[in-house]
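Peer 1: structure for this input, please:
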Amino acid sequence: VDKGVSYNPSYAEKQFRKIIKPCREVLRQARDALAARAYTMTHRARNKLTKLVAHDEAAGSPDDDAAGLIKAAEEAVAFAEEMEKKKDAAEDDDDEVTDAFIKAAHDAKLAVDAVGLAMRRRMKHELEAAEDQLHKA
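Peer 2: Residues are numbered from 1 along each chain as shown. Predicted structure coming up:
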């Protein structure tokens, strides 16, 4: 049975307020989950970048696309770590700091992934060159 729609403003406001509190709680939980994920992303980005830099140095640090991307990734990871410190120092309900931290962590992950792709392309070209030399020999 359809109860119909009430256009009584006080009733509508009462119903609206009932909905707001659970929505705020769900959004808070989602933001907390995203922030926890951002902590993990920041630490993984730092670890992966450290390994990529070591591989780059072992390869003689060639001057190619990866070299510029490494610098950009180092800056992005450093910024994410800085935002992590601000997040830790901020109050739990500071949405702007939390959002900035989440975005910085995501940007750091993307920057480090770009370095990995550039280094894989470099290795692919080196392997192709070595294969060509092998066929010529």
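Peer 1: now Ala35. Nearest residue, chain neighbours left out?
Peer 2: Spatial nearest neighbour of Ala35, chain neighbours left out: Thr98 (5.4 Å); criterion: Cβ to Cβ, 6 or more residues apart in numbering. C-beta coordinates here come from the backbone N, C-alpha and C atoms, glycine included.
Peer 1: that neighbour is in contact with Asp88, isn't it?
Peer 2: No. Applying Cβ atoms under 8 Å, one finds Thr98 not in contact with Asp88, separated by 11.0 Å.
Peer 1: which of the two has more residues huddled nearby?
Peer 2: For Thr98 versus Asp88, neighbours defined as other Cβ atoms under 10 Å are more numerous around Thr98 (21 against 10).
Peer 1: contacting residues for the more buried one?
Peer 2: Counting by Cβ atoms under 8 Å, 6 or more residues apart in numbering, Thr98 touches 31, 34-35, 87, 90.
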